[in-house]
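**Student:** Generate a structure from the sequence data that follows.
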Amino acid sequence: MNRTFLAASLLALSLGGCAANTSSVAHASEQAAQTGVQWSLVDTIDVEAINSDLEIGKPTVDIGLYYPSNLHPDAVEILPLGGLVEEFQNAKKVFEPTGVQLNLLWVKTGTVDPSHLAISASKWETELPSGGYGNMYVQSAIHPTEMSDGAVESFETIIEPALQNSRTVYLVAMQNVYMPYYEDLDGGRNWAPKMVNTSGLSFPSYSYADTIPNRIRGVITLTKHDSTNKLTIAHELGHKLMNVSHEYRDVSPQHEIRSDEGLMLYGSGTEIPSGQDGRWHQERLLLSPYIYRTDATGERNWNADYQAGGVYYDPIYANAAIQFD
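**Tutor:** A predicted model of the protein is given here:
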């Protein structure tokens, strides 16, 4: 099949399988009215060329990129749109060995309420210190993190209503996204509240479970371009699609660990390993609810959705999960 036709077909399907017509234009206007943002396509970016390698039948993820037109000039300097496009193209290469292809739906720009460009990611009251019983994933399933009210309001405003919202990943450029957490001071007795200004945040279901409204669960925020390794988007997609934290082979999840081995650690690594020794990363990726396969007729066949809110040990992963202390 002609790749240009394939890219166009994938885009049409992402909009609900309807050809552009009067009703779809009206729907777009309705979306703008609901979100409060008048989004428009960035026509200087050749989305068709970026998608020219897409193939029918391969596991595919739909991704949209929102880049507000009123970011502060200092934010634009550290988060240039061209840099994000470069990172997206690099992410395609990172996931290529797994057989998963990334479909860029569009790149849009528009004026966003400035109060929505800087947020706290979650509510302090849901960020409990580790209790020492069960691993991080077990504890997150019992006490999932909850997105802050400000974050929910921002994403409900920014992300346009669409038929496949819950199955689509949205990259959203912002100025500041703060993540609160507690730091152990003395072996578990005393904890200090901390807050980090993130470069990218995936709002992963292993942490948030089903506390995020379904329509915006695919959001990933970006506040800084990785000009050195160009891996922020690939790394955050790893969190979202593999549904794992910062871990790799014999490295169990940690808040932050730097190494040049493995996509899910901070550094230059890009490996997405498989099997038990690889903590089932590749297998979990291929089971992601954000993945579909398109048949010759253009119909999309989606992976199964989460059965337990998307916690790390969600039944969709069966045995593709590590038991650890």
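**Student:** tell me the contacts of residue 152?
**Tutor:** Applying Cβ atoms under 8 Å, 6 or more residues apart in numbering, we find residue 152 in contact with 212-213, 216. Placement of C-beta: from N, CA and C, glycine included.
**Student:** hang on, I meant residue 95
**Tutor:** Going by Cβ under 8 Å, 6+ apart, the list of residues near residue 95 reads 101-102, 234, 237, 272, 285.
**Student:** Could you verify that it is part of a strand?
**Tutor:** No. Counting by DSSP: H, G, I helix; E, B strand; the rest coil, residue 95 is located in no strand; its state is helix.
**Student:** per-residue confidence at it?
**Tutor:** Residue 95 is assigned a pLDDT of 98 by the prediction.
**Student:** and it, how far is that from residue 217?
**Tutor:** As judged by Cβ to Cβ, to the nearest Å, residue 95 and residue 217 stand 20 Å apart.
**Student:** so where's the stretch 201-325 of the chain uncertain?
**Tutor:** For the stretch 201-325 of the chain, the stretches with pLDDT under 70 are 255.
**Student:** Which residue ranges of it form helices?
**Tutor:** Ranges of helices in the stretch 201-325 of the chain, per DSSP state H, counting those that start in this stretch, are 205-208, 232-242, 281-286.
**Student:** Make a markdown table out of the ones you listed and add mean neighbour count.
**Tutor:** Formatted as a markdown table, those follow (neighbours: other Cβ atoms under 10 Å):
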| stretch | mean neighbour count |
| --- | --- |
| helix 205-208 | 24 |
| helix 232-242 | 25 |
| helix 281-286 | 22 |
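**Student:** Would you mind giving those helices as JSON lines with distance to residue 68 added?
**Tutor:** Listed next are these as JSON lines, based on distance: least, Cβ to Cβ, whole Å:
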{"stretch": "helix 205-208", "distance to residue 68": "23"}
{"stretch": "helix 232-242", "distance to residue 68": "17"}
{"stretch": "helix 281-286", "distance to residue 68": "30"}
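**Student:** Among these, which comes closest to residue 135?
**Tutor:** Between residue 135 and those, the tightest spacing by Cβ to Cβ is seen for helix 205-208, at 11.0 Å.
**Student:** tell me what that closest one is packed against?
**Tutor:** Other elements packing on helix 205-208 under the criterion 3 or more Cβ pairs under 8 Å, 6 or more residues apart in numbering; DSSP states H and E are helix 136-142.
**Student:** Can you tell me which residue is spatially central in the protein?
**Tutor:** For the chain, the residue whose C-alpha lies nearest the mean C-alpha position (Cα atoms, centre = their mean) is residue 220; its distance is 4.1 Å.
**Student:** Could you measure from that one over to residue 237?
**Tutor:** 7 Å.
**Student:** Which neighbours do these two have in common?
**Tutor:** Jointly contacting residue 220 and residue 237 under the rule Cβ under 8 Å, 6+ apart are 169, 202.
**Student:** Let's see stretch 165-174 as CSV, backbone CA atoms only.
**Tutor:** Output of stretch 165-174 as CSV, limited to C-alpha atoms (Å, rounded to 0.1, in the frame of the first residue of the first chain):
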residue,chain,number,x,y,z
ASN,A,165,-8.9,10.2,23.5
SER,A,166,-8.2,7.4,26.0
ARG,A,167,-6.1,5.5,23.4
THR,A,168,-4.1,8.4,22.2
VAL,A,169,-0.8,9.8,23.6
TYR,A,170,-0.6,13.6,23.8
LEU,A,171,2.7,15.4,24.1
VAL,A,172,2.1,18.8,25.7
ALA,A,173,4.7,21.5,25.9
MET,A,174,4.5,23.5,29.1
